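Peer 1: prediction below, plus the sequence it came from.
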Amino acid sequence: GAGVSQSPSNKVTEKGKDVELRCDPISGHTALYWYRQRLGQGLEFLIYFQGNSAPDKSGLPSDRFSAERTGESVSTLTIQRTQQEDSAVYLCASSQTSGGSSGDTQYFGPGTRLTVL
Amino acid sequence: AQSVSQHNHHVILSEAASLELGCNYSYGGTVNLFWYVQYPGQHLQLLLKYFSGDPLVKGIKGFEAEFIKSKFSFNLRKPSVQWSDTAEYFCAVSPNNAGNMLTFGGGTRLMVKP
């Protein structure tokens, strides 16, 4: 079946512009996660959704970052007034549930490489 | 908050050599443990995971990992590497409660010379 998809695959923008990144999770997966990977670093957690709710937004770096999810499906991550330090690969993952005790596997998308000039 | 350390940032091996990649985490509670792999040009995929039971976990492509609770470690091993194992390997931890968000180590780049 189809995996997690993300669009665009690459995005180059100018400092100060807004960008919107999209994630289509695996069908039926209720949990959706956003991570960021800066060059040479590991992945950092940004936000997760259980259904359309975001119980944990603790990883969002600043109030310029926001995310939403609709229909328990597609999610968009929006970065307003982009800065050069926002340059990174933004990864989306989904899992069947977010219940930690089940150790549900997160399946990752290919990522969106964002470059802020 | 939990953290994950991968002590080897770059590893270079010849084919048929044995591999062990270190992973240590800090978290006071019960955790789920994962190893993910990213082959060149591909996206992250799960190699193996531990959440309960036998602490020696076997994954795909001949990889295994052992959870040693007393050492807060989850080292990845493979007895004999192949050129196709060239990739970046990430250890990750999630607390065994609601949320399941992963905390990743910094990754280890493995290069296997043919």
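Peer 2: That came through, no problem. Since this is a predicted model, take the numbers as computed values, not measurements.
Peer 1: below-threshold pLDDT in chain A: ranges please.
Peer 2: A:1, A:98-103 (pLDDT under 70).
Peer 1: kindly report the residues of it close to chain B.
Peer 2: A:31, A:33, A:35, A:41-45, A:48, A:55-56, A:59, A:91, A:93, A:95, A:97-111 (CB under 8 Å from any CB of the partner chain). Where C-beta positions appear, they are placed from N, C-alpha and C, glycine not excepted.
Peer 1: any of these buried? List them.
Peer 2: Buried members of the residues of chain A next to chain B, counted by 16 or more other CB atoms under 10 Å in any protein chain shown: A:31, A:33, A:35, A:42-45, A:48, A:56, A:59, A:91, A:93, A:95, A:98-100, A:103-111.
Peer 1: and the strands in chain A?
Peer 2: A:5-7, A:10-13, A:19-24, A:31-37, A:43-50, A:53-56, A:65-69, A:75-79, A:88-95, A:107-108, A:112-116 (DSSP state E).
Peer 1: find the nearest non-adjacent residue to the residue positioned nearest the centre of chain A, please.
Peer 2: Against the mean C-alpha coordinate of chain A, by CA atoms, centre = their mean, the closest residue is residue A:34 at 2.9 Å. Leaving out its chain neighbours, the residue that sits closest to residue A:34 by CB to CB, 6 or more residues apart in numbering or on different chains is residue A:46, at 4.2 Å.
Peer 1: might one say that that neighbour is in contact with residue A:32?
Peer 2: No - counting by CB atoms under 8 Å, residue A:32 is not a contact partner of residue A:46; they are 11.2 Å apart.
Peer 1: ok, these two, which is more surrounded?
Peer 2: residue A:32 (29 against 22; other CB atoms under 10 Å in any protein chain shown).
Peer 1: contacts only, for that one.
Peer 2: Counting by CB atoms under 8 Å, 6 or more residues apart in numbering or on different chains, residue A:32 touches A:23, A:25, A:48-49, A:69, A:75, A:92-94.
Peer 1: quick check: the farthest pair among those?
Peer 2: A:69 and A:93 (13.1 Å; CB to CB).
Peer 1: those residues of chain B touching chain A, which are they?
Peer 2: B:4, B:6, B:32, B:34, B:36, B:43-46, B:49-52, B:90, B:92, B:94-107.
Peer 1: out of those residues, which sit inside strands?
Peer 2: In strands, defined here by DSSP E, the members of the residues of chain B next to chain A are B:4, B:32, B:34, B:36, B:45-46, B:49-50, B:90, B:92, B:94-95, B:103-104.
Peer 1: tell me the contacts of residue 24?
Peer 2: Here I'm looking at chain A. Taking CB under 8 Å, 6+ apart as the criterion, residue A:24 is in contact with A:4-7, A:73-74.
Peer 1: can you look at chain B instead?
Peer 2: B:4-5, B:7, B:71-74.
Peer 1: filter those residues down to the buried ones, ChimeraX style.
Peer 2: To isolate the buried members of the contacts of residue B:24 in ChimeraX, using 16+ other CB under 10 Å:
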select /B:4,72,73,74
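Peer 1: dump the contacts of residue B:24 to JSON lines, plus pLDDT.
Peer 2: Putting the contacts of residue B:24 into JSON lines (pLDDT from 0 to 100) gives the following:
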{"residue": "B:4", "pLDDT": "94"}
{"residue": "B:5", "pLDDT": "95"}
{"residue": "B:7", "pLDDT": "87"}
{"residue": "B:71", "pLDDT": "94"}
{"residue": "B:72", "pLDDT": "94"}
{"residue": "B:73", "pLDDT": "96"}
{"residue": "B:74", "pLDDT": "97"}
